[in-house]
Every structure is written in C-alpha cells, then in structure tokens.
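**Q** Sharing a model prediction with you, sequence too.
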Amino acid sequence: MGRRHLIHGAALAAALVVTAAAPAAASLRRQLVAHGAAGGGVGQDAYVALDRSAARSFRARLDPSGAAALARVDFRRSAAVAVFGPYGCQDARVSVRSIVQRGRTLAVTLFERALPPGTAECMAVFETYRLLTIARAALHSPDPTRATVTLARA
C-alpha cells in the first residue's frame with residue numbers, strides 16, 4: 001500500500017467521523033398527557049407554550065380533562081405542545097410520529113395508519129387534540145415560540 005493510499009484513507013476516515021458527529025435533527029422525547037374532542041374550528045394547527053400565559057392561546061379549545069392536564073404542567077421543567085386537527089372518527093388511527101426543533105419552530109409530524117381491510121369507520125369530521133409535554137432541557141436556544149403540524153398517511 002503506497003503513501004498516497006494511506007493519505008486518501010486517512011482523509012476518508014476523517015470525513016466519515018465529521019459526518020457521524022453531525023446527526024440529523026432527532027425527534028424530541030414527548031409525553032402524551034391528554035387527548036380528546038376539542039372545541040373550536042376544524043383546522044389543523046399546533047401551539048407551543050413555555051409558560052402559563054402562552055398556554056392561554058389554546059386552553060379554551062381543550063376539553064375539561066385536557067384543561068386539567070394543562071393546569072398540572074410544570075412549566076419550569078416542561079413545555080406544552082397542543083396539536084389540533086379535523087380527525088374525527090379517524091382520531092384513533094392518528095399518532096405523533098415526531099417532534100423536531102428547527103430554530104424557533106417545533107415541527108410536529110403526525111401519522112395516520114390505514115384502516116384495516118374490511119373495517120368500517122364513521123365519517124364524522126370534528127376537531128380533536130393531543131396535549132404533549134417536552135422536557136425544557138431537551139429544547140435548545142433559541143426557545144421555540146411556534147409549532148407546525150403535518151400529517152403523513154400510510
């Protein structure tokens with residue numbers, strides 16, 4: 001093996017180490033603290049709250065159990081993320097796939113599983129919600145001030 005091969009091999013190894021050290025944005029660990037039927041519109045949207053005053057922007061859309069769960073959030077340790085959508089009867093097939101912080105935005109990705117073959121489901125469309133918490137220590141600067149939501153289907 002010649003000197004040129006050793007130098008080329010060392011450069012390639014260094015490039016692989018740098019690439020491995022810069023992982024893609026990882027999904028934040030989250031905990032589902034409440035979900036159910038929501039009040040309000042039937043749009044798909046999401047909110048992030050780092051304190052009680054920010055949580056007021058979506059609190060009225062939660063059902064009583066969601067409002068109670070929001071009241072129990074310790075905002076010194078956790079951020080709250082509320083995700084709303086017109087999932088209606090399909091809600092049981094919708095789950096949170098990932099939450100990724102991109103600057104000041106939390107990008108929430110939902111996933112809707114396909115209805116099993118031969119299964120019937122009601123066709124009602126009404127707003128539902130998911131209330132999640134994320135450890136404040138998992139968030140990076142700048143603090144997130146908004147959230148977006150997308151839905152992927154099987």
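**A** Done, it's in. Numbers count the residues shown, from 1 in each chain.

**Q** Only C-alpha atoms from now on, for both contacts and neighbour counts.
**A** Noted.

**Q** Show me the helices in this structure, by range?
**A** Under the criterion DSSP state H, the chain carries helices at the ranges 3-21, 52-59, 64-71.

**Q** and the second one, how far out from the chain's middle?
**A** This means helix 52-59. Its chain's average C-alpha position is 18 Å from that of helix 52-59, according to C-alpha atoms, centre = their mean, to the nearest Å.

**Q** could you give the angle of that helix to helix 64-71?
**A** Orientation note: helix 52-59 sits at an angle of 160 degrees relative to helix 64-71 (axes from the mean of the first three to the mean of the last three C-alpha atoms, to 10 degrees).

**Q** Pull out the buried residues from helix 52-59.
**A** For helix 52-59, the neighbour count (16 or more other C-alpha atoms under 10 Å) marks Arg52, Ala55, Phe58, Arg59 as buried.

**Q** before we move on, what about stretch 131-144?
**A** Those buried within stretch 131-144 under the rule 16+ other C-alpha under 10 Å are Leu131, Leu132, Thr133, Ile134, Ala135, Leu139, Pro144.

**Q** all strands of this structure, in order?
**A** With DSSP state E, the ranges of strands along the chain come out as 31-37, 45-49, 78-85, 94-102, 105-112, 128-135, 146-153.

**Q** what angle separates the fourth one from strand 31-37?
**A** Angular relation of strand 94-102 and strand 31-37 on a 0 to 180 degree scale: 130 degrees, by the same axes, to 10 degrees.

**Q** what is Ala80 paired to in the beta sheet?
**A** Going by DSSP bridges, Ala80 is paired in beta bridges with Ala49, Thr133.

**Q** What about it, how many residues nearby?
**A** 26 (other C-alpha atoms under 10 Å).

**Q** you'd agree it is up against Arg72?
**A** No - judged on C-alpha atoms under 8 Å, Ala80 makes no contact with Arg72 at a distance of 10.6 Å.

**Q** now Glu112: how far from Thr148?
**A** According to C-alpha to C-alpha, to the nearest Å, Glu112 stands 17 Å off from Thr148.

**Q** and what of Tyr87?
**A** Taking C-alpha to C-alpha, one finds Tyr87 at 16 Å from Thr148.

**Q** do the same with Phe75
**A** Noted for Phe75: a distance of 20 Å to Thr148, by C-alpha to C-alpha.

**Q** Surely Thr128 touches Tyr87?
**A** Yes - if you go by C-alpha under 8 Å, Thr128 and Tyr87 touch, sitting 6.2 Å apart.

**Q** Great, nothing more from me.
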